[in-house]
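Peer 1: Quick one, fold the following:
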Amino acid sequence: MTTNTVTFWFDVTCPFAWQTSRWIKEVEKVRDITVQWTPMSLAVLNDGRDLDEGYTEMMKAAWGPARVFAKVAAEEPEKVDELYTAMGTIVHAGKESGKKGFGAYDGVIEQALDEAGLNATYATVANSEQVDEQLRDFHQAAIDGVGDDVGTPVIKFGDTAFFGPVITRVPAGEEAGELFDAAVRLAEYPYFFEIKRSRTENPQV
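Peer 2: Below you'll find the model as predicted:
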């Protein structure tokens, strides 16, 4: 069982989105799918919410990368996948996650743009509100599919979107494909809404 089109909304700073995205990259090897990689934003999601000081500072830091992805998605959407892999590898495998304060990811952004072969001028939007409207539009498209009580990632399988799946380890090969088939089958049933259990470990990057 398969679906041809998958839309994957992500915030590059989110370790859960990163793990799920690496699963989808494995799925690409064993299933005939086309993935549209699209930014959303934890900073937008939490804008105006009453958060503890530490998380508030992390959300300030998250604006920069999300804005860069919004500009790239608007101007060179075919490069979002490559940039996400480059930046996500630096942030998560490179242990650069959890940064705090506006501009905290500036160095990461510069390095990732270079690795993805993108113009360094994209970084200029990180610390301005120049593309915030576009970012909010990308983000809202995810929220429109799943509602407000979600985080990242959001995945749309064909015509149906869900928050998650949330995984802490990345399956490979046919196991990745079988998990994808199961998710697609759930998406095909119009009255399925959610499955949840308590998580016992953090993402194992």
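
Peer 1: ok, so what distance separates residue 131 from residue 138?
Peer 2: 10 Å (CB to CB, to the nearest Å). All C-beta atoms are positioned from the backbone trio N, CA, C, and that covers glycine.

Peer 1: hey, what's in contact with both of those two?
Peer 2: Common neighbours of residue 131 and residue 138, using CB atoms under 8 Å, 6 or more residues apart in numbering, are residue 70.

Peer 1: neighbour-wise, which of the two wins?
Peer 2: Neighbour count, other CB atoms under 10 Å: between residue 131 and residue 138, residue 131 has more, with 23 against 20.

Peer 1: Do I have it right that that one meets residue 67?
Peer 2: Yes - using CB atoms under 8 Å, residue 131 is in contact with residue 67, at 5.3 Å.

Peer 1: overlap in contacts of the two?
Peer 2: residue 125.

Peer 1: all helices of this structure, in order?
Peer 2: Using DSSP state H, the helices found in the chain span residues 15-30, 42-45, 53-75, 80-88, 106-115, 132-146, 173-188.

Peer 1: closest to residue 163 out of these?
Peer 2: helix 132-146 (5.3 Å; CB to CB).

Peer 1: Is it correct that residue 72 is in contact with residue 117?
Peer 2: No - in this structure, residue 72 is not within contact of residue 117 by CB under 8 Å, at 11.5 Å.

Peer 1: so where's this protein uncertain?
Peer 2: Scanning the chain for pLDDT under 70 picks out the ranges 1-3.

Peer 1: picking up where we left off before, the more surrounded of residue 72 and residue 117?
Peer 2: residue 72 (25 against 10).

Peer 1: Please report how far that one lies from residue 22.
Peer 2: 20 Å.

Peer 1: For residue 11, grab the count of nearby residues.
Peer 2: Quick note: residue 11 (other CB under 10 Å) scores 23 neighbours.
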